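A.B. asks: One predicted model, sequence on top.
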Amino acid sequence: MERAFVYGDLVFESMRFEAGQIPFISYHLDRLKAAAKCLKMEFPTQLNETAVVEQANQLIQNADEAFKIRLVLYRDATGFYLPNQNQAKWELAIFPLSQREKPMPIKMGIYTDIQKQYNQLSSFKTGNALLYVMASIWAKENGFDDAFIINEQGRVCEATSSNFCWFDGTNWFTPPLTEACVAGIGRRILLENEQVVEKICYLNDLKAAQKICLTNAIHLQTAAVLVE
């Protein structure tokens, strides 16, 4: 993975593993295939739902516990910026999933030092994650549990590792992908079930929200609060 390490020439999926299964794995592979196509990687023919679940079960000793799985797809090439070929390999990394204590909510701040740009890669999880690293460090340094990310227009688009929804007293909303947020799996599920509506989010929308919820594939819904 030397090339992936130096250039960030990779995409990845974070998935929940529980009871020997990966919920919504087809959604994860859909997004991974779309990302590979965007990056002009040749998606491995052997990378499918069965292969991922089988390898996860081989790596995990206690299938009764919940785990976070990171599926990394990287270009298996030499060369500098220009790769000598576009074939890709994949690997799994396993992490114990600690149970979050309740009650919540998670305390959120607004990270403004770096803005996220909307482009053809902004909806995928790529090897360029320095924005989220810096936002996470900022959140810890300032006493927050997590941080909201803003886009180049100064609007709120996502959190460091989650999409988000907010409730205005009547409806639940979440930012559209054109706001530069990741096309999250939890977000997709809520949209398909018509539980949320896409809408641009201004900072005042969060300040006025009656409820805020973080959503991702590991924890589908987590209560949050904006701390000013």
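C.D. replies: Great, that's in hand.
A.B. asks: Is Cys213 bridged to anything, and to what?
C.D. replies: Cys165, Ala223 (DSSP bridges).
A.B. asks: So it is in contact with Leu226, correct?
C.D. replies: No: with contact defined as CB atoms under 8 Å, Cys213 does not reach Leu226; the gap is 12.0 Å. Any C-beta I mention is one placed from the backbone N, CA and C, and that applies to glycine too.
A.B. asks: More neighbours: which of these two?
C.D. replies: Cys213 (23 against 19; other CB atoms under 10 Å).
A.B. asks: How is this structure partitioned into domains?
C.D. replies: Using automatic domain parsing, the domain ranges for the chain come out as 2-96, 106-226.
A.B. asks: In TSV, list those domains along with mean pLDDT.
C.D. replies: Shown next, in TSV, are the domains of the chain (pLDDT from 0 to 100):
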stretch	mean pLDDT
domain 2-96	94
domain 106-226	95
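A.B. asks: so which of these is the most packed in?
C.D. replies: Of these, the one with the most neighbours on average (mean count of other CB atoms under 10 Å) is domain 106-226, at a mean of 18.
A.B. asks: Let me see the ranges of the strands in this structure.
C.D. replies: Per DSSP state E, the chain has strands spanning 10-17, 67-75, 88-96, 106-116, 146-151, 156-159, 163-167, 172-174, 197-198, 211-215, 222-226. These are given in chain order.
A.B. asks: For Met41, find the nearest of those.
C.D. replies: When these are ranked by distance to Met41, counting by CB to CB, first place goes to strand 88-96 at 4.3 Å.
A.B. asks: Can I get the closest one in PDB, CA atoms only?
C.D. replies: The C-alpha coordinates for strand 88-96 follow below in PDB (Å, rounded to 0.1, in the frame of the first residue of the first chain):
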ATOM      1  CA  ALA A  88      -6.800  -2.200  -7.500                       C
ATOM      2  CA  LYS A  89      -6.500  -4.400  -4.300                       C
ATOM      3  CA  TRP A  90      -8.600  -4.400  -1.200                       C
ATOM      4  CA  GLU A  91      -7.900  -5.100   2.500                       C
ATOM      5  CA  LEU A  92     -10.000  -5.200   5.700                       C
ATOM      6  CA  ALA A  93      -9.100  -3.800   9.000                       C
ATOM      7  CA  ILE A  94     -11.100  -4.700  12.200                       C
ATOM      8  CA  PHE A  95     -11.700  -2.500  15.200                       C
ATOM      9  CA  PRO A  96     -13.700  -3.400  18.400                       C
END
